[in-house]
Structure formats: structure tokens, C-alpha cells
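Q: could you work out the structure for the sequence below:
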Amino acid sequence: MYAITPRGRRALGAWLGADSAEPVFESEHILKAFYAENGLTADLLATLDHLRGWVHGLTLRNVEVGGIYVDGDGQYLERLAVLGLTGRFLDDYLEMIDRWAMWAEGVVAEWPPDPRDAVPDIAGLRATVRQAKARAARWNSAPRAGAGTDGGSVPAPPHTPRPT
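A: Okay, here's the model as predicted:
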């Protein structure tokens, strides 16, 4: 069991009300996919398979722990509303990675041994751009509660230029 002092609870409350840092994504698997033209198609397929294996291991753990809570047990039942919320994010994250890796395996399986000789999938790129446009439109049309108590909306994230 955990405990928190009154001073710690005040600090936690202040932190919860403060702005958050942007999420950080780090994956050596994706970095290897990004530079795949410098290796072999077989290497990329092995990387994607390893990524799916990682997802599978975490998925089995999610099923185990989630099942305990669904059955009404679990160490922190008093936190179940929040655990359900964050657990859904983590499982959706794994689902996204697994779906992408499965899709990528299908694409890469059709490539020649040297990825530099692969034919670009322009239709797939168009679909990705359509998806991004739809997500941008959702942002622009959705009401947002905002971070403060004034009910204002969260400002659009700033454009961060990419290094060239």
C-alpha cells in the first residue's frame, strides 16, 4: 500500500493542474524501419516480427491483470475508474502498434531482398494523408473543455519545425 503526506498531496495537486510535457515516443524498431533501405528486407521483417512479439507479451499481461479487475479483485479497486481509463490508452497503444506492424509485414513481404528496389505504395501514402486530414478536421470541429476551470478550449499545438 502507498501513503502520501499532506505536503505531498498538495504538490501532487499542483502538478496535476499544471501543463504537461508533450508525449515522447521512442522505438528502435521504428528507427530500424525508417532506415531499412540500408539493410535487407529480411532484416526488416525480423524487426517487425520482434515488435509484434513484444506487443504479444504485454497483451498477455494486460489480459491477466485486466481480468483480475474485471472479476472484482485487484490491488487498487478504489482507483478502478482511473485504471480503466489509462489501461484503455495503453491497450489502444499496443493495438495500434500491432495493427501497424501486421500491415507493414504484409507490405514488406512483397518487397525484393533489397528494400531500395521496393516500389513505393502511393495509394497507401494517399490513405495516410487522408487519415491525417480527418484527424485534423476532428480537432478543428470538436469542442474541448480546456485545461483550466474557465471552460476555455485548449489552444492548437504549436507547429514544431523538423530539423533538416
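
Q: and the gap between residue 116 and residue 15?
A: Distance, residue 116 to residue 15, by C-beta to C-beta, to the nearest Å: 48 Å. Placement of C-beta: from N, CA and C, glycine included.

Q: before we move on, what about residue 59?
A: For residue 59, the distance to residue 15 - C-beta to C-beta - is 31 Å.

Q: who touches the nearest residue to residue 65 once chain neighbours are set aside in this structure?
A: Among residues not flanking residue 65 along the chain, residue 74 sits closest, at 7.7 Å (C-beta to C-beta, 6 or more residues apart in numbering). Residue 74 makes contact with 65, 68, 80, 83 under the criterion C-beta atoms under 8 Å, 6 or more residues apart in numbering.

Q: next one: stretch 110-124 to chain centre, how far?
A: 26 Å (C-alpha atoms, centre = their mean, to the nearest Å).

Q: tell me the secondary structure for the nearest residue to residue 94 once chain neighbours are set aside?
A: Using C-beta to C-beta, 6+ apart and skipping residues adjacent in sequence, the residue nearest residue 94 is residue 55, 5.1 Å away. Judged by DSSP: H, G, I helix; E, B strand; the rest coil, the three-state class of residue 55 is helix.

Q: my guess is residue 55 contacts residue 102, does it?
A: No: Residue 55 is beyond contact range of residue 102, at 9.8 Å (criterion: C-beta atoms under 8 Å).

Q: could you give the mean pLDDT of whatever helix or strand residue 32 lives in?
A: Taking DSSP states H and E as the criterion, residue 32 maps to helix 28-34. Rounded to a whole number, the mean pLDDT of helix 28-34 is 98.

Q: gap between the most centrally placed residue in the chain and residue 82?
A: Centroid check for the chain by C-alpha atoms, centre = their mean gives residue 93 as the closest residue, at 3.9 Å. Using C-beta to C-beta, residue 93 is found at 17 Å from residue 82.

Q: same thing with residue 16?
A: Computed as C-beta to C-beta, the residue 16 to residue 82 distance reads 12 Å.

Q: report how many residues lie close to the residue lying closest to residue 102 once chain neighbours are set aside.
A: Once flanking residues are discounted, residue 102 sits nearest to residue 52: 7.0 Å by C-beta to C-beta, 6+ apart. Using other C-beta atoms under 10 Å, residue 52 has 19 neighbouring residues.

Q: residue contacts, residue 52?
A: Here residue 52 is in contact with 98, 101-102, 105 (C-beta under 8 Å, 6+ apart).

Q: assign it to helix, strand or coil.
A: Per three-state DSSP, residue 52 ends up helix.
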